[in-house]
Structure formats: structure tokens, C-alpha cells
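[1] Build the 3D model from these lines:
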Amino acid sequence: MKFITGKDRYQVEFYTHCLDESISQDNEVRLIDLFVDSLQLSDYGFEMDFIENLPRRQAGGRPA
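    Numbers count the residues shown, from 1 in each chain. From the prediction side, this is the model:
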């Protein structure tokens with residue numbers, strides 16, 4: 001279901017802070033984030049066509 005998308009963790013919401021600012025610097029989730037960012041996900045069969053790379057008409061909204 002490509003029309004369902006998650007929220008960007010760096011996106012500032014109604015509140016004046018983003019999710020990244022809500023997590024303490026010593027939280028273990030930051031280590032997990034660094035580990036996942038270090039992986040070459042394409043080596044494991046994941047496609048790297050992110051939504052930012054799609055043409056504007058396909059980037060969001062409802063499915064056709």
C-alpha cells in the first residue's frame with residue numbers, strides 16, 4: 001500500500017520541536033539509528049527508490 005506513508009522524524013509538527021529533539025542524546029535509539037544508517041540496504045535486496053526521488057505527481061496523495 002504505497003499510499004500510506006509514515007511521518008518524517010525531522011518534520012516539525014504543530015509543536016515547536018521535532019521528534020529528534022524529543023529524544024535524549026544518550027538514548028539507545030540513537031545507536032540503532034547510526035547502525036541502520038551505516039548499512040548498505042541495497043546489499044540486502046532493498047530498493048533505494050525513496051519517495052523524494054519520484055516525480056511530483058507520484059510522490060503522494062491517493063492511489064490512482
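
[2] Just the strands from the chain, written as ranges.
    With DSSP state E applied, the chain shows no strands anywhere along its length.

[3] Low-confidence regions, it specifically.
    Residue ranges of the chain with pLDDT under 70: 1-4, 12-17, 48-64.

[4] Longest helix of it, counting residues only.
    helix 28-38 (DSSP state H).

[5] Residues contacting it, please?
    Contact with helix 28-38 is made by residue 23, as judged by CB atoms under 8 Å, 6 or more residues apart in numbering. In short, each C-beta sits where N, CA and C put it, glycine included.

[6] buried sites along that helix?
    When neighbours are counted by 16 or more other CB atoms under 10 Å, no buried residue of helix 28-38 is found.

[7] Output it as PDB, nothing but the C-alphas.
    This file holds the C-alpha atoms of helix 28-38, laid out as PDB (Å, rounded to 0.1, in the frame of the first residue of the first chain):
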ATOM      1  CA  GLU A  28      19.800   3.800  22.800                       C
ATOM      2  CA  VAL A  29      17.600   4.500  19.800                       C
ATOM      3  CA  ARG A  30      20.300   6.900  18.500                       C
ATOM      4  CA  LEU A  31      22.800   4.000  18.400                       C
ATOM      5  CA  ILE A  32      20.300   1.900  16.400                       C
ATOM      6  CA  ASP A  33      19.800   4.800  14.100                       C
ATOM      7  CA  LEU A  34      23.500   5.100  13.400                       C
ATOM      8  CA  PHE A  35      23.800   1.400  12.800                       C
ATOM      9  CA  VAL A  36      20.900   1.300  10.300                       C
ATOM     10  CA  ASP A  37      22.300   4.400   8.500                       C
ATOM     11  CA  SER A  38      25.700   2.600   8.200                       C
END
